[in-house]
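Peer 1: after the sequence you'll find the predicted model.
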Amino acid sequence: MTVRLRRTLRAVALGAVAALLLAGCTGLPTTGDAQRGLPLGASPEDPDFLPLASGPADGAGPAAIVEGFMEAAITPADNWDTARTFLTPDLAATWRPGTGVSIDVSASTRSFDSDVDDDDDTAADGDRAGVRVTFDQIASVDATGAYSEAIGASNSAFVVVKSDGQWRISEAPDGVVLDESRFSRVYDDYALQYYDATWERLVPDVRWFPRRATVATTIAQSLIGELRARGSTLRCRAPSPQACSWRATRCPSTRIRSRRSR
């Protein structure tokens, strides 16, 4: 290849690059006021994701097992399957996390008091330990998703048993405990609306449910339960009375709106 040919090809390449750069600049605004950008490192909006908990660590002591179990409340997938791995098989089959949520100030302020030290390696299979957890509660959510303030010190009692060389919880209260900062990541608010007895007004009612694949079923169950409890003042508008029976799975006229859809 001659020197003249190499120079010609180089000139053509530089010209093509320059054309691409100029084409890119045509999309930049040339008029209007300057707008303040985001701080360095900031994202346009908060990331929307569900935190994931870990299962029990091998050889963890009674207090650590209870602490890990409470931490696993941040992962409601598969009906809190991760949290159930901290339980004995019998309790895992009967524990009911959906009965309610206790919301506390922070996971770091919880106090775990066990009558068997986590460093005690003398415990044998079948040995039991009592663990009491104290936390600063600020609110609660009941089984229907209703949120209410509940400020004050609260506590929960657990029994942990050693089986196959590992501590597992054999007795625990139903429901879960979540700290305030992560509650809104695990639970979402849904604005449910019911017709009143005159069929003219919608009665709004905000409820909180865990963000998981079966949330539609949870909402339907809450609607049916509320209509059953307050059937004399709230109505379900349906094509026929049979469609509004308490065994129905949905109410056609009930409106549901999630905060994240607004």
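Peer 2: Done, it's in.
Peer 1: separation between the residue lying closest to residue 145 once chain neighbours are set aside and residue 187?
Peer 2: Once flanking residues are discounted, residue 145 sits nearest to residue 207: 3.2 Å by C-beta to C-beta, 6 or more residues apart in numbering. Yep, even glycine has a C-beta here, placed from its N, CA and C like the rest. Distance, residue 207 to residue 187, using C-beta to C-beta, to the nearest Å: 10 Å.
Peer 1: same question for residue 199.
Peer 2: Relative to residue 187, and taking C-beta to C-beta, residue 199 is found at 32 Å.
Peer 1: pick out whichever of these two has more residues nearby.
Peer 2: residue 187 (22 against 10; other C-beta atoms under 10 Å).
Peer 1: who are the packing partners of the host helix or strand of residue 154?
Peer 2: Using DSSP states H and E, residue 154 falls within strand 147-163. Applying 3 or more C-beta pairs under 8 Å, 6 or more residues apart in numbering; DSSP states H and E, we find strand 147-163 packed against helix 62-71, strand 100-104, strand 128-142, strand 166-171, strand 202-210.
Peer 1: which residues in the stretch 1-150 of the chain form helices?
Peer 2: In the stretch 1-150 of the chain, the helices defined using DSSP state H, counting those that start in this stretch lie at 3-25, 62-71, 77-84, 89-94.
Peer 1: worst average pLDDT in those helices?
Peer 2: Among the helices of the stretch 1-150 of the chain, helix 3-25 has the lowest mean pLDDT, at a mean of 48.
Peer 1: for this protein, which spans come out with low pLDDT?
Peer 2: 1-51, 212-262 (pLDDT under 70).
Peer 1: ok, 80 please
Peer 2: Low-confidence segments of the chain (pLDDT under 80): 1-51, 192-197, 199, 203-204, 212-262.
Peer 1: turn the helices and strands packed on strand 147-163 into JSON lines, columns for distance to residue 194 and mean neighbour count.
Peer 2: Shown next, in JSON lines, are the helices and strands packed on strand 147-163 (distance: least, C-beta to C-beta, whole Å; neighbours: other C-beta atoms under 10 Å):
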{"stretch": "helix 62-71", "distance to residue 194": "35", "mean neighbour count": "24"}
{"stretch": "strand 100-104", "distance to residue 194": "22", "mean neighbour count": "21"}
{"stretch": "strand 128-142", "distance to residue 194": "18", "mean neighbour count": "18"}
{"stretch": "strand 166-171", "distance to residue 194": "39", "mean neighbour count": "20"}
{"stretch": "strand 202-210", "distance to residue 194": "5", "mean neighbour count": "18"}
